[in-house]
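Novice: Mind folding the following:
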Amino acid sequence: MLRTCESLKPLRFVLLSTLMLTSGLAGNAWATSPADELAITNLVNAVITTLNNRDGASLHNYYVESPRAVFFGLSDDAQLVRTASTYVGVLGACLASFTSVGVAKNNDMRIQTDGPLGFVTLTGTNTMSMMGGVVTSPWRWTIVVKNVAGQWLIAHEHVSFK
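Specialist: Numbers count the residues shown, from 1 in each chain. So this is what the prediction gives:
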């Protein structure tokens, strides 16, 4: 079935992100400015600080709010979540279940941007305390960022735990 351009409009962000990733993998030059790199680094650090403070209510400050946003829940079935506010609510409830949270990133963050879109990759370790004890887990985090009115925000993310 042939789709119209209008019916493909919701996929535009996904298609642009895919093109960004593949062009980066093909070796095209990326021109991330020092100012953008600093702003995105500050965004990632702010999210980590907010997680460490178990401040689920403040996480919404770092995510793009769009009805077309796609996130996956934190449960084993990884249900699709359609808005950042719903996703942040899930994260906040998860944070509240711990007595302490320690998110530590490694020194391997990579930031690449092209216009108003970019992506970030990094690794680290979580140390989470709850009534039953302490759990430590290494992770990998991939973030798609979007510049909205001069501010870099998270448009999508994926975290893998070992």
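
Novice: Surely Val64 touches Ile143?
Specialist: No. Contact status for Val64 versus Ile143: not in contact, 11.3 Å apart, counting by CB atoms under 8 Å. For every residue, glycine as well, the C-beta is placed using N, CA and C.

Novice: what touches both of the two?
Specialist: Ile154 (CB atoms under 8 Å, 6 or more residues apart in numbering).

Novice: Can you get me the start-to-end distance on stretch 126-134?
Specialist: End-to-end distance for stretch 126-134: 10 Å, by CA to CA, to the nearest Å.

Novice: List the pairing partners of the longest strand along the chain within its sheet, with orientation.
Specialist: Counting residues, the longest strand found in the chain (DSSP state E) is strand 133-148. Here strand 133-148 has these sheet partners by DSSP bridges: strand 117-130 (antiparallel), strand 151-161 (antiparallel).

Novice: Mean pLDDT lowest where, among the ones you listed?
Specialist: Comparing mean pLDDT across the strands paired with strand 133-148, the weakest is strand 151-161, with a mean of 92.

Novice: and that strand, which residues are buried?
Specialist: Neighbour-count burial for strand 151-161 flags 152-157 (criterion: 16 or more other CB atoms under 10 Å).

Novice: Please, which helix or strand holds Thr41?
Specialist: In the assignment (DSSP states H and E), Thr41 maps to helix 34-52.

Novice: Could you check that helix and say which residues are buried?
Specialist: The neighbour-count check on helix 34-52 (16+ other CB under 10 Å) flags 36-37, 39-40, 43-44, 47-48, 50-51 as buried.

Novice: Phe161 contacts Pro138, doesn't it?
Specialist: Yes. At 7.3 Å, Phe161 and Pro138 qualify as touching, with contact defined as CB under 8 Å.
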